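**Q** coords please:
(chains A, B and C)
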Amino acid sequence: MAKKISRRKFIVRGGLGTVGVLAIGTYVFRNPLRRAMLGMAESLVPPYSGTGTEPNLWFEITKENKVRVHSPKVEMGQGTFTSIAQMVADEFEVRMDQVEVVGAATETGIIDGMSTGGSLSVAQLWQPLREMAATMREMLKIEAAKKLNTDLSNLTMKEGVISGNGQSLHLSEVIKDVTKWEVPDTPDLKPLKDYKYIGKPISRVDLDAKVYGDPIFGMDAAMPEMLHAVIVRPEHVGAVFKSANIGDTEKKSGVVKVVQKDNWIGIVANSYPEALAAKFELRVDWDIPKKWTEEEIREIITVGNGNEMMVQKEGSALSDDDNEVVVLEFKSPIGAHAQIEPNGAVAHVADGKATVILSTQVVGVTQKQVAEALGFELENVNIIPTYLGGGFGRRLNTSHAVEAALLSQEVGKPVKYFFTRKEEFQHDMFRPPTHHIMKGKLGGNGLLEGVEHHFASGNVAIGSVIMPDMIHGVLNADIGAIRGGSIQYRKVPNFRAVQWHNPLPFATSWWRSLGLLANTFAIESFIDEMAIKAKKNPVQFRLDQIEDDEAGQRLKAVIKKAADMSSYSDQLANGRAMGFAASTDAGAPCAHVAEVSVENNEIKIHKVTCVLDCGIAVNPDQVKAQCEGSIIMGISASLHEKMTLKDGQLYPTIYGPYNMALMKHAPREIEVHLIQGADVPLPVGEPPLGPIGAAVANAIKRLTNKRLTELPLRLS
Amino acid sequence: MNRKVLYSLAFVFLVAGILFASHFDANPSSYVLIKPEEPISNINKENFDKMMSVLMHQRCVNCHPNDNIPKQGDDRHPHYFGMSRGASNHGYEATKCATCHQDENNNYSGVPGAPEWSLAPEKMKWEGLTSVEIAESMLDPERNGGRNHEEVMHHLTEHELVLWAWDPGVDANGVPREKPPVALDEYIKVVKEWFEDGAVIPSE
Amino acid sequence: MIISFTVNNQPQKVEIEDPNTPLLWVVRDILDLKGTKFGCGKAACGACTLLVDGQAIRSCSYAVKFAEGKQVTTIEGLGTPENPHPVQQAWIEEVVPQCGYCQPGFMMATAALLNENPKPTDEDIDQNIINICRCGTYYRMRKAIHRAAELTGDTNDSTPKL
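**A** This is a model prediction of the structure:
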């Protein structure tokens, strides 16, 4: 049964500089509620919840006979655009090179209700995007049948050409003069085995742009007559603006205007170096009510402080008086995102309208922030997302778009503003520090009788602009900080996980994998310690205590495969030890084996074997790239990185002192194996970050007999 | 310090100087023999101390490391990113000192610079040495690149890379780097006087 | 002050008030070549690496006046899709980039390394390639550097001998 949709619901795009290009929208969900429930139940993937229940512009047919997809998800390196192109190409019956993916500007109406984050892009778009592409394909065929004077069943479609009745039409010819589109019921999707692109290691669609240096990033954006701004922010945590020599700064060469807002000063100049040079001369007096220390921050983030939430509870608690209970304490530091492209924005505010171009993971939220700050209606604010020079969660709040917009409003011209590296490090929305107390007791069978994870963290999800506060009221826990905090050894008769939460005096937020890295470090280090105490092989020790339900079987499968592939042994060989760890995040179990040696008191990671059950891998090569990247970023966070406070300021403020993994720290061998344990794509960008810290620490224990309990791992 | 102590110091010094010279088989004319009856003046010792307070300052010693790793900052931490001496004291083959350090300080980046930015040669390892050991190293043609006293003096008072210490620019935060504890004019004066006085190294 | 130099084989004359302006901003904002990236402005991350007379330079810390009379090469001048530099070819074969932001700097540093050392060992790579990649593409990058060395060798072999 087909229903007619009137022409007014389609958008004709004349502004692209191409004549006769029609942009066609289609619908998204037949039954969002059902999908929401299934999504949660089947894969722990919340459904795509952006706009799209109204016909919107998702696809355009260009006159070059290409399909342009406006993606509500942004590309920050995770390969989503490539997977989108694969999904569209397969259902649309076009070649990969006939699909172009662009980040949807808010003016298209395609706005993700939440964000590009949580490793959810492909998982969320898997069903609706293929359905839309298939529907569009059928819509085009219906029109082609009319133009070719033949029956729909006589048509064939291949590589963007529809043929029938001895004639052929390119897609761009099919759409010509169509005023009313017939929308068929959602066609059946192709069986997986028939896909030409999905499931194949297709090269990235953005590869050429990134290898030849195309200007695709927010930092590369420009507008005519654009001015350049720098912003001065407090260096001390909690400092408040008092006064500044603004008049002197305004006289500096090239400076157009100096603007003081609530707690920041913007310097707008003709060029960036001029704005920066003027900033060197600006003297600001700040009121510094308190100089925070690392010890004070540590004290706030301590198990027993703040809001308590029982995340998991099975059986009874371990007694504090039981001297057979093993207790170990773990810590992780404040972490910086340190993405290489600084945050920034190019904004133009004029005639009651605002346009902002930037790298952001929250296109819709940024639109709301800018509209609110300027007092504009939402439809008068257009946010244009670019490629991101790294996201990692940092760009889940890009409120600096507001600052660029306010400065543009002040000077009446487009303004480009971006953070200095020091601002990035001092005004990051950090990964909060954590504190963990692990307790465990072995039973007579050499297995755990009880195990407990008590953990404390600052805000991750709480206070975030993408999460309604009410969620945390309902759950009474920070749903970001709990990631990976649960006990996955559910055969143990008594286990529990208890979260303690406290806010910090500086912003903390989402950092790739959220609580997973630190929580897994604590739990999997402790499990290893208990396996040693039980004199058991740590792989078998784990397998013996995992439930036999579906989640447990999938976890066991990755553990067994990782042990097999790496020929895991708990004995040293050639001065190297293997460390084992596993975690389950967002329904995607992952196991790592790290082969480690200690040379000149330095930890050297030679090889990491990684097995991930990612469900359907739309692009197995890019899933592997995400595993490799997660492992290396996880090594960087676990062995090198640490923010602290120095004289009341967040410190360090530059790469180098903020120590990160370099080429020489990356394992020379990374072997990744993917298991398809689910019939949908699962999140892949974060789960493989979980086990790496623990895997390395477990290897070090076997090498040195030292149990390292604090990140970053240091031997002395 | 009384006169008697000074005399005995001078004697010890003479002996040390002879041993030193004979041991290294240096050109004897580059050493000024001090007769035991001639006291080392307080001036000489003061000059020496002032000169050494400069040469032992981090602005100098950071590039005279006792390993192959340049040091940075007032806390003398190892150069970040694993930079090292390389084959010719100028860093690695493609990523060298000059990849970041130019002929002048850069106030935008806070990266210091001066002509020939590089590590002192391996024989001129000063880090961790006492003032006397550094002075000995400095005067020893085996270790100072075959320079005689006059040449050493010129190097110490005229070489741009040495004089950079008094124009060290700002760090990455825009904060001026600490200069050596003696002003440049005075440093040049005391170095010259010390050499004119015979470049006598006190015993401690 | 007028500064004359060559960028990607094109002669350029730039009039600039402050001759200490970092070359990076001249290349990006005056010459509109955005492939050279700003990452930290402190010569710490390497995203702004380009070649001056064939040598790797971190352009955020290089006063434009020093470029007078010199040959500057940016990622845009390294190669093109039609005629990729071996480093770019290798990067494509190994599908190195993720977010891609740091990649031009790494490719330029690699090109400089291969200029000096056509067959770098893993240790040579560890010592010379010290830019920062947050996505963690180092593993593929190492493979690509070795591959680029192979391709460079191939190119040399195919050069007709006189």
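
**Q** centre-most residue in chain B?
**A** Centroid-nearest residue in chain B, with C-alpha atoms, centre = their mean: B:L55, separated by 4.2 Å.

**Q** so which residue is dead centre in chain A?
**A** Using C-alpha atoms, centre = their mean, the residue of chain A that lies closest to the mean C-alpha position is A:G117, 3.7 Å off.

**Q** scratch that, chain C
**A** Centroid-nearest residue in chain C, with C-alpha atoms, centre = their mean: C:M108, separated by 2.0 Å.

**Q** wait, B:G128 sits on B:N66?
**A** Yes. Between B:G128 and B:N66 there is a contact at 5.1 Å, judged by C-beta atoms under 8 Å. To be clear about C-beta, it is placed using only N, CA and C from the backbone, and glycine gets the same treatment.

**Q** follow-up on the earlier one: so the residue nearest to the centre of chain B sits against B:W126, correct?
**A** Yes. Using C-beta under 8 Å, B:L55 is in contact with B:W126, at 7.3 Å.

**Q** so is the helix or strand bottoming out on mean pLDDT in chain C next to chain B?
**A** Counting by mean pLDDT, DSSP states H and E, the weakest-scoring helix or strand in chain C turns out to be helix C:138-158, with a mean of 87. No. Using C-beta under 8 Å from any C-beta of the partner chain, helix C:138-158 stays clear of chain B, with a minimum separation of 11.2 Å.

**Q** all the helices of chain B, residue numbers only.
**A** Counting by DSSP state H, chain B has helices at residues B:3-24, B:42-55, B:58-61, B:97-100, B:131-139, B:149-158, B:160-163, B:184-196.

**Q** equivalent analysis for chain C, please.
**A** C:23-25, C:75-78, C:86-93, C:103-116, C:122-128, C:138-158.

**Q** for A:K66, find the nearest of those.
**A** With C-beta to C-beta as the criterion, A:K66 lies closest to helix C:86-93 of those, at 21.2 Å.

**Q** other residues contacting that closest one?
**A** The contact list for helix C:86-93, computed with C-beta atoms under 8 Å, 6 or more residues apart in numbering or on different chains, reads A:203, A:207-208, A:211-212, C:78-79, C:84, C:97, C:103, C:107, C:110-111, C:114, C:144-145, C:147-148, C:150-152, C:155.

**Q** chain B contacts on chain C?
**A** So chain C meets chain B at C:20-22, C:41-44, C:49, C:55-58, C:60-63, C:66, C:109, C:112-113, C:115-117, C:124, C:126-130 (C-beta under 8 Å from any C-beta).

**Q** output the least confident helix or strand of chain C in PDB, but only the C-alpha positions, please.
**A** Output of helix C:138-158 as PDB, limited to C-alpha atoms (Å, rounded to 0.1, in the frame of the first residue of the first chain):
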ATOM      1  CA  TYR C 138      50.900   4.600  15.100                       C
ATOM      2  CA  TYR C 139      50.600   0.900  14.400                       C
ATOM      3  CA  ARG C 140      49.400   1.400  10.800                       C
ATOM      4  CA  MET C 141      51.700   4.400  10.400                       C
ATOM      5  CA  ARG C 142      54.800   2.300  11.100                       C
ATOM      6  CA  LYS C 143      53.700  -0.200   8.500                       C
ATOM      7  CA  ALA C 144      53.100   2.700   6.000                       C
ATOM      8  CA  ILE C 145      56.500   4.200   6.700                       C
ATOM      9  CA  HIS C 146      58.200   0.900   5.800                       C
ATOM     10  CA  ARG C 147      55.900   0.600   2.800                       C
ATOM     11  CA  ALA C 148      56.800   4.100   1.700                       C
ATOM     12  CA  ALA C 149      60.400   3.200   1.900                       C
ATOM     13  CA  GLU C 150      59.800   0.200  -0.300                       C
ATOM     14  CA  LEU C 151      57.900   2.400  -2.800                       C
ATOM     15  CA  THR C 152      60.600   5.000  -2.700                       C
ATOM     16  CA  GLY C 153      63.100   2.200  -3.500                       C
ATOM     17  CA  ASP C 154      60.900   1.100  -6.400                       C
ATOM     18  CA  THR C 155      60.700   4.600  -7.700                       C
ATOM     19  CA  ASN C 156      64.500   5.000  -7.600                       C
ATOM     20  CA  ASP C 157      64.900   1.600  -9.300                       C
ATOM     21  CA  SER C 158      62.700   2.600 -12.200                       C
END
